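1. All I have is the shape, not the residue letters:
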């Protein structure tokens, strides 16, 4: 017995490191040395410093920072993703258990009657033997798959990779909801800026109506001038309701991300506040570091690792499964005998299972896993390429948004000067009030365009932060 056990342990030690199938190696990727430059003179420049994690703090808006801080704990999608991570980790435990010894205890009592015409008729019974008897057993059974060819180890490797992929999928989701909240917040502040612009222009229009009414009473203005002034007020007033509706929708959109009911954030966000100002410089890192930072790339790499490990599982299925099995127990025809050592019986030995004919199942499974491995490799390359392009596009959009914002601001200044000149000419009687309303309408349109350009600039910066893969670490906590 001792010699058998010694030989068995020696065989396990000799073959324990034999793991068949391909080993995973991270694919080599030729990344660009630097990000492409933009031939646009802008105020907020990008440079190759480390990407900020809590990038929303660069806007210096306490309300935005407060919302982002609450998001990590309150967002329902992140909570669901965390449960998927727990499920994947449980799968790792299940896979790992296949390579550990299994021990079961069983106790039973049975009344047995053998047929006199059955196997008992082939032997001469002992004097006084009965065909009816009670059998009491207390058994301890054990089995241990030795995993000599790494099938269990490959399965555990695949489960670990799947667990890592679930973690990175949650990080990717965190990056999305963090960016969505910031974009919704910028859109809200931009809409509130537009509402303030409309209200300011409405006040000017009402002042103009008072002036025209006074000139009409003095016999200088005409009925047409009064009608034009009243029409201008009505047209500007018509812009208020759609903006208010959009503001309410944006507040609710932020509330959904924070798992709050409708109007829960009204008291907090309804009061207008200025649109945050973009930082003077934005660190964007280097293209090579994007592979380590973007969670979708990290998830794709984990999926590739899982596919490689599954190919190893399919390869190991062609090799024998060797297990050590045994049981020991106490067996007797009376309850007292079932609990005494003289009633001990046991069995121990190896069990070998070798697939000889599976009808092509093993070969088909291996071909399937190899194809899935190739597909996962292609998906990884595509994910990396798409990430680089997203950053390059975001850099271009951010630079051009700054240029557009600058151009629209110039247009606003010119239209305001035109309005001032037209108002002076009207008071001097050289032009009609219709020219004033036309100039006022142009100012309103240009100011609203500037508010939208300011909002788009901030949103484009958020898209750049998202493309760079920064921010998701904050959901992990300390």
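-> Received it, and whenever you're ready, just let me know what you need. What you see is a predicted model; the values in this text were computed from it and never measured.

2. okay, CA-based contacts and neighbour counts for the rest of this
-> OK.

3. my read is residue 174 is in a strand, agree?
-> No: Residue 174 sits outside any strand when classified using DSSP: H, G, I helix; E, B strand; the rest coil, being helix.

4. Against residue 292, how distant is it?
-> From residue 174 across to residue 292, the span is 16 Å (C-alpha to C-alpha, to the nearest Å).

5. So which of those two has more stuff around it?
-> Between residue 174 and residue 292, counted using other C-alpha atoms under 10 Å, the more crowded position is residue 174 (25 against 11).

6. wait, the more buried one sits on residue 475?
-> Yes: shown here, residue 174 and residue 475 form a contact pair, counting by C-alpha atoms under 8 Å, at 6.9 Å.

7. okay, and the common contacts of those two?
-> Listed contacts common to residue 174 and residue 475 are residue 72; contacts here mean C-alpha atoms under 8 Å, 6 or more residues apart in numbering.

8. My understanding was that residue 349 contacts residue 325; is that so?
-> Yes: if you go by C-alpha under 8 Å, residue 349 and residue 325 touch, sitting 5.7 Å apart.

9. what about these two, which has more around it?
-> More crowded of residue 349 and residue 325, by other C-alpha under 10 Å: residue 325, with 18 against 13.

10. So that one versus residue 138, what's the distance?
-> Taking C-alpha to C-alpha, one finds residue 325 at 17 Å from residue 138.

11. so the residue located most distally from the centre of the chain, which of the three states?
-> For the chain, the residue at maximal distance from the C-alpha centroid (C-alpha atoms, centre = their mean) is residue 127, at 77.3 Å. Per three-state DSSP, the local secondary structure of residue 127 is coil.

12. Would you list the phi and psi of it?
-> Main-chain torsions, residue 127, degrees, to the nearest 10: phi -60, psi 130.

13. which residues touch the spatially closest residue to residue 432 that is not a sequence neighbour?
-> The spatially closest residue to residue 432, leaving aside those adjacent along the chain, is residue 426, at 6.0 Å (C-alpha to C-alpha, 6 or more residues apart in numbering). Residue 426 makes contact with 432, 433, 436, according to C-alpha under 8 Å, 6+ apart.

14. Now do the phi/psi pair for the last one.
-> The phi and psi values for residue 436, taken as degrees, to the nearest 10, are phi -70, psi -50.

15. Might one say that it is in contact with residue 421?
-> No: with contacts counted by C-alpha under 8 Å, residue 436 stays clear of residue 421, the gap being 9.2 Å.

16. okay, these two: which has more neighbours?
-> Using other C-alpha under 10 Å, the more surrounded residue of residue 436 and residue 421 is residue 436, with 26 against 13.

17. And the pLDDT for the more buried one?
-> You'll see residue 436 listed with a pLDDT of 90.

18. Tell me who's in contact with it.
-> By C-alpha under 8 Å, 6+ apart, residue 436 lies in contact with 419, 422, 423, 426.

19. what about the third one, neighbour count?
-> Going back to what we said before, that points to residue 423. Residues near residue 423, counting by other C-alpha under 10 Å: 21.

20. helix or strand for it, which one?
-> Using DSSP states H and E, residue 423 maps to helix 361-427.

21. Please work out the average pLDDT along that helix.
-> 95.

22. now the strands: where do they sit in the stretch 151-300 of the chain?
-> Counting by DSSP state E, counting those that start in this stretch, the stretch 151-300 of the chain has these strands, from start to end: 281-283.

23. got the contacts of residue 436 as TSV, with distance to residue 239 columns?
-> As requested, the contacts of residue 436 are exported to TSV (distance: C-alpha to C-alpha, whole Å):
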residue	distance to residue 239
419	20
422	24
423	23
426	26
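
24. which of those residues sit farthest apart?
-> Greatest spatial distance in those: 419 and 426, 10.4 Å, computed using C-alpha to C-alpha.

25. For the residue nearest to residue 275 when sequence neighbours are not counted, list the residues it contacts.
-> Among residues not flanking residue 275 along the chain, residue 189 sits closest, at 5.1 Å (C-alpha to C-alpha, 6+ apart). Applying C-alpha under 8 Å, 6+ apart to residue 189 gives the contacts 272, 273, 274, 275, 455.

26. quick one: pLDDT of residue 189?
-> As predicted, residue 189 sits at a pLDDT of 98.

27. any idea how far it lies from residue 347?
-> For residue 189, the distance to residue 347 - C-alpha to C-alpha - is 77 Å.

28. Show me how this protein divides into domains.
-> Annotated domains of the chain cover 20-99+148-318+361-476, 101-146+321-354 [automatic domain parsing].

29. Which of those has the highest mean neighbour count?
-> Counting by mean count of other C-alpha atoms under 10 Å, domain 20-99+148-318+361-476 has the highest mean neighbour count of the domains of the chain, with a mean of 18.

30. Where is the longest strand in the protein?
-> Taking DSSP state E as the criterion, the chain has its longest strand at strand 132-145.

31. What's the mean pLDDT across that one?
-> Averaged across strand 132-145, the pLDDT comes to 82.

32. helices or strands next to it in the packing?
-> strand 102-113, strand 321-332 (3 or more C-alpha pairs under 8 Å, 6 or more residues apart in numbering; DSSP states H and E).

33. Can you show me the helices along this structure?
-> Along the chain, counting by DSSP state H, helices occupy 2-15, 62-74, 76-97, 151-217, 223-237, 240-257, 266-269, 290-293, 295-316, 361-427, 433-468.

34. I'd like to know how far the most centrally placed residue in the chain sits from residue 152.
-> Centroid-nearest residue in the chain: residue 173, 1.9 Å away (criterion: C-alpha atoms, centre = their mean). Distance, residue 173 to residue 152, using C-alpha to C-alpha: 31 Å.

35. No more questions from me, cheers.
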